[in-house]
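*Asks:* what's the 3D shape of this:
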Amino acid sequence: MAIDAIGSTLNSSSTSDATQRAGLRQDDFIRLFVAQLNFQDPLEPVDNREFLAQLAQFAGLEQARVTGEGVGSLVTMGTTQQSIDLLGRPVEIASESGPLSGTVTAVAFDINGPTLSVQTTSGAALTGLRLSQIRLVRP
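*Replies:* Below you'll find the predicted structure:
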């Protein structure tokens, strides 16, 4: 499985929306909980401890979701800062034909994260480079 640069989570809001559509949300758990209450056997009601345990699980799931969104935002900010810090810096780039040297001339942002433009020492302009392709930043 290929893993892109950490900047691939730049647009985390669309990623979390897609995750919410694909999986269960908190509303789904609450509907399930209410349905369980409505259809329980009145002669053998469910123990209160079981309901409390389920509520604790729902709260834990919600906290994990919020934490995940916060981490995604931190990664996005870090990637953005790393990209901007590379402007004007000499770098070594991993390419199919071997390592290339050049200077970062521009940073652009798309849904997948930052992309860099590099002017190589031979004069060629490379665009659409990801942070994962930068092998070395020279002083």
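
*Asks:* Ser132 versus Glu44, what's the distance?
*Replies:* 57 Å (C-beta to C-beta, to the nearest Å). Using the backbone N, CA and C atoms, a C-beta is placed for each residue, glycine as well.

*Asks:* nope, Ser117 is what I meant
*Replies:* 16 Å.

*Asks:* Ala130 - how many residues pack around it?
*Replies:* Not Ala; residue 130 is Arg. By other C-beta atoms under 10 Å, 17 other residues sit near Arg130.

*Asks:* try Thr103
*Replies:* Thr103 - counted by other C-beta under 10 Å - has 16 other residues nearby.

*Asks:* what comes up buried for the host helix or strand of it?
*Replies:* Taking DSSP states H and E as the criterion, Thr103 maps to strand 100-110. Residues of strand 100-110 classed as buried: 100, 102-104, 107 (neighbour count, 16 or more other C-beta atoms under 10 Å).

*Asks:* Flag every buried residue along the helix or strand that contains Asp28.
*Replies:* Applying DSSP H and E as the criterion places Asp28 in helix 26-38. Judged by neighbour count (16+ other C-beta under 10 Å), helix 26-38 contains these buried residues: Phe29.
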